[in-house]
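Asks: Okay, predicted coordinates and the sequence, questions at the end:
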Amino acid sequence: MAFQHATEIAMVDCDKGLGEAVVSKEWLRNQVHRQLAQGYVQCSSNAYFAGLSESRAGVLALVEFFFHSQVITTDLRRFLRPRFCQKAAGTFRILVKVHKEPPGSRPVCNLRQTWFIPFASFLVEQLAPLQQHIPTVILSTDELLEKRCHVKCREGMQLITLEAINLYPSSCRTHMLSLIVPFIRARIACQQLATFVTKVLEIVLSVVFVEFGGVLYKAEEGIPTGLSVAGVLANLYLSHSDCFLQSSCGSELQVVVRYIDDLLLLCAKKGEEIQSLANSWHSSVRFDFSGSCDVQFLNVSLTIEKNRTIHWSMFCKPKNLYLYIPAASNHCFLSLQIGGAVKCFRRNKSSKEASKHIEVFKSRLKDRGFSLKLFECLRTKFSLRAKSEISREGGSVLLKAPYNKNISTKWFQKQLQRHLALLQQVVPSCPVRPCWSVRKRLFRSRYRGIWKTFEGKGCG
């Protein structure tokens with residue numbers, strides 16, 4: 001609690017889930033202003049409220065036009081409209097990149113209280129399935145290992161990784177839309193719906209305002225980090241960069257795999273050559289050459305073996321202390337233990353390396369007060385899950401309840417079964433499964449004022 005009263009330091013979330021960092025408020029302020037200088041423009045309150053009224057009126061007219069044209073349904077119209085009275089701007093903050101040397105920052109816009117969030121959710125629903133048309137895009141480490149690593153590497157090929165530098169704020173929005181809009185139109189069968197989607201996209205990108213230190217800023221360029229559709233837009237946009245690399249390299253490029261702004265290539269060119277080629281695609285998108293031959297990509301280390309197949313093993317970030325929530329806390333820890341064990345098996349090609357990582361995982365659990373006997377029981381029970389195929393098909397509806405150690409998941413499922421007939425009337429096409437909610441993190445409650453108040457106190 002002493003940090004709440006400190007005048008020169010602040011506690012800030014770290015990037016990549018690496019905990020919290022204690023930083024000076026001067027450093028924090030400098031990092032925030034450095035990030036705001038990329039794609040954001042300061043504006044007055046009058047300009048904000050004038051733009052708010054104009055944009056909401058335009059969106060309302062758009063929704064009504066496409067509703068009466070029978071392009072969107074009554075349910076969708078009802079979903080999009082309820083936040084029209086909201087006047088709040090988003091808040092701007094940063095995550096500390098402690099895994100970088102020297103430490104840097106990642107910008108984040110918290111837009112949960114803004115009026116256009118239902119429109120951003122609608123865009124995710126419409127655009128996320130289009131990623132399936134992009135052969136270079138992966139959505140998880142498991143998908144990478146399941147579908148992309150079982151290749152025979154041609155002679156002369158080496159693994160290369162590139163990373164887009166500060167992709168979201170630096171991307172040219174005009175160039176991005178010039179590529180994404182035709183892509184959407186070509187893949188949504190109903191052209192009226194495609195028109196509605198593209199217009200909503202243009203509007204959502206144009207109405208992002210954030211507040212920091214009592215000052216308002218408008219996102220004029222790039223993709224606002226924190227917008228729910230941001231990752232999807234990045235995938236659709238950079239898919240054109242992937243095509244550029246494939247056409248430019250020809251037979252010298254065997255594999256291209258991308259997870260948002262991280263690129264994995266199996267290529268005959270040198271790392272610096274492929275970096276220079278990638279940087280020639282568009283001036284606003286710059287890539288760093290991050291590794292070759294033995295590379296780390298997402299959560300795995302990859303290398304080419306003598307028989308020209310790809311070997312993978314789990315990669316643990318050196319600065320991640322893996323300080324799990326203590327076992328005595330009132331949380332459901334089954335998913336932590338089962339998921340951790342399953343990852344050890346899925347993300348190691350050899351059983352020897354999987355066993356080694358299991359032992360490391362057990363030591364981390366023990367340090368946080370977990371029962372290793374219980375863990376071994378769970379590991380045995382769910383061992384087959386590690387060998388099951390990864391599948392995207394199917395969906396379910398989650399019924400959320402506050403977590404309580406005295407209520408078992410089996411009891412919860414039994415109650416759902418008792419009322420199955422009623423549930424099937426409400427959601428006839430999807431199974432209903434139980435899930436748990438937990439209290440808000442005390443860290444966020446205690447230190448959320450940092451982002452609105454620390455500048456006004458003359459710190460730094």
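Replies: That came through, no problem.

Asks: CA atoms for contacts and neighbours, from now on please.
Replies: OK.

Asks: Which parts of the stretch 101-250 of the chain are helices?
Replies: 117-127, 141-143, 167-170, 173-187, 191-206, 230-249 (DSSP state H, counting those that start in this stretch).

Asks: ok, now the stretch 301-450 of the chain?
Replies: For the stretch 301-450 of the chain, the helices defined by DSSP H, counting those that start in this stretch cover 334-346, 351-367, 372-381, 409-418, 420-426, 442-447, 450-453.

Asks: closest one to Phe79 among those?
Replies: Closest to Phe79 of the helices of the stretch 301-450 of the chain is helix 420-426 (C-alpha to C-alpha; 17.3 Å).

Asks: Off-centre distance for the closest one?
Replies: Remark: helix 420-426 is offset 33 Å from the chain centroid, using C-alpha atoms, centre = their mean, to the nearest Å.

Asks: Can you lay out the helices of the stretch 101-250 of the chain as CSV showing distance to Val257, mean pLDDT and mean neighbour count?
Replies: Conversion of the helices of the stretch 101-250 of the chain to CSV gives the following (distance: least, C-alpha to C-alpha, whole Å; pLDDT from 0 to 100; neighbours: other C-alpha atoms under 10 Å):
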stretch, distance to Val257, mean pLDDT, mean neighbour count
helix 117-127, 20, 92, 18
helix 141-143, 11, 88, 17
helix 167-170, 17, 88, 21
helix 173-187, 19, 94, 15
helix 191-206, 26, 94, 17
helix 230-249, 9, 94, 19
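
Asks: What about Val427, how many residues nearby?
Replies: The tally of other residues near Val427 (other C-alpha atoms under 10 Å) stands at 12.

Asks: and it, what does it touch?
Replies: Val427 sits next to Val397 when contact means C-alpha atoms under 8 Å, 6 or more residues apart in numbering.

Asks: That one and Leu399, how far apart?
Replies: Note on Val427: its distance to Leu399, by C-alpha to C-alpha, to the nearest Å, is 12 Å.

Asks: what do you get for Val426?
Replies: In this view, Val426 and Leu399 are 12 Å apart by C-alpha to C-alpha.

Asks: higher neighbour count, those two?
Replies: For Val426 and Leu399, the more surrounded residue by other C-alpha under 10 Å is Leu399, and the numbers stand at 13 against 9.

Asks: what's near enough to touch that one?
Replies: Val432, Arg433, Pro434, Cys435.

Asks: For it, give the beta-bridge partners.
Replies: On the basis of DSSP bridges, Leu399 is bridged to Pro434.

Asks: And the closest residue to Asp262 other than its chain neighbours, how far from Thr73?
Replies: Spatial nearest neighbour of Asp262, chain neighbours left out: Glu163 (4.7 Å); criterion: C-alpha to C-alpha, 6 or more residues apart in numbering. Glu163 sits 41 Å away from Thr73, going by C-alpha to C-alpha.

Asks: more crowded one of those two?
Replies: The residue with more neighbours, out of Glu163 and Thr73, is Glu163; 20 against 13, by other C-alpha under 10 Å.

Asks: And the pLDDT for the more buried one?
Replies: You'll see Glu163 listed with a pLDDT of 92.

Asks: That one touches Phe289, doesn't it?
Replies: Yes - at 6.7 Å, Glu163 counts as touching Phe289 under the criterion of C-alpha atoms under 8 Å.

Asks: Could you list the buried residues of the helix or strand harbouring Ser55?
Replies: Here Ser55, judged by DSSP states H and E, is contained in helix 45-68. Buried positions in helix 45-68, judged by neighbour count with 16 or more other C-alpha atoms under 10 Å: Tyr48, Leu52, Ser55, Arg56, Val59, Val63, Phe66.

Asks: Can you tell me the closest non-neighbouring residue to the last one?
Replies: Taking C-alpha to C-alpha, 6+ apart as the measure, Phe66 lies nearest to Ile72, with 6.1 Å between them; neighbours along the chain are not counted.

Asks: what about the one you found, which SS state?
Replies: When classified by DSSP: H, G, I helix; E, B strand; the rest coil, Ile72 comes out as coil.

Asks: Could you report the pLDDT at it?
Replies: pLDDT, read off for Ile72, is 91.

Asks: Neighbours of it, how many?
Replies: When counting by other C-alpha under 10 Å, one arrives at 17 neighbours for Ile72.

Asks: His150 versus that one, what's the distance?
Replies: Ile72 is 43 Å from His150, by C-alpha to C-alpha.

Asks: again with Ser140
Replies: For Ser140, the distance to His150 (C-alpha to C-alpha) stands at 16 Å.

Asks: Could you list the low-pLDDT ranges of the protein?
Replies: Scanning the chain with the threshold set as pLDDT under 70 gives 1-7, 330-332, 382-395, 405, 438-460.

Asks: so which of the helices of the stretch 101-250 of the chain gets nearest Leu416?
Replies: helix 117-127 (27.4 Å).

Asks: helices or strands up against that closest one?
Replies: Counting contacts by 3 or more C-alpha pairs under 8 Å, 6 or more residues apart in numbering; DSSP states H and E, helix 117-127 is packed against helix 74-80, helix 191-206.

Asks: Could you pull out the buried residues of the shortest one?
Replies: Neighbour-count burial for helix 74-80 flags Leu80 (criterion: 16+ other C-alpha under 10 Å).

Asks: And the contacts of that helix?
Replies: So helix 74-80 is contacted by Val63, Glu64, Phe67, Pro118, Phe119 (C-alpha under 8 Å, 6+ apart).

Asks: how far away is the residue lying closest to the last one once chain neighbours are set aside from His150?
Replies: Here the nearest residue to Phe119 in space, its sequence neighbours aside, is Leu80; by C-alpha to C-alpha, 6+ apart that works out to 6.1 Å. With distances taken as C-alpha to C-alpha, Leu80 is found 43 Å from His150.

Asks: And for Ala21?
Replies: From Ala21 across to His150, the span is 39 Å (C-alpha to C-alpha).

Asks: higher neighbour count, those two?
Replies: Ala21 (16 against 12).

Asks: Tell me what the more buried one is bridged to.
Replies: Beta-bridge partners for Ala21, by DSSP bridges, are Val12.

Asks: so it makes contact with Cys14?
Replies: Yes - using C-alpha under 8 Å, Ala21 is in contact with Cys14, at 6.2 Å.

Asks: Could you name every residue contacting both of these two?
Replies: Common neighbours of Ala21 and Cys14, using C-alpha under 8 Å, 6+ apart, are Val96, Val98.
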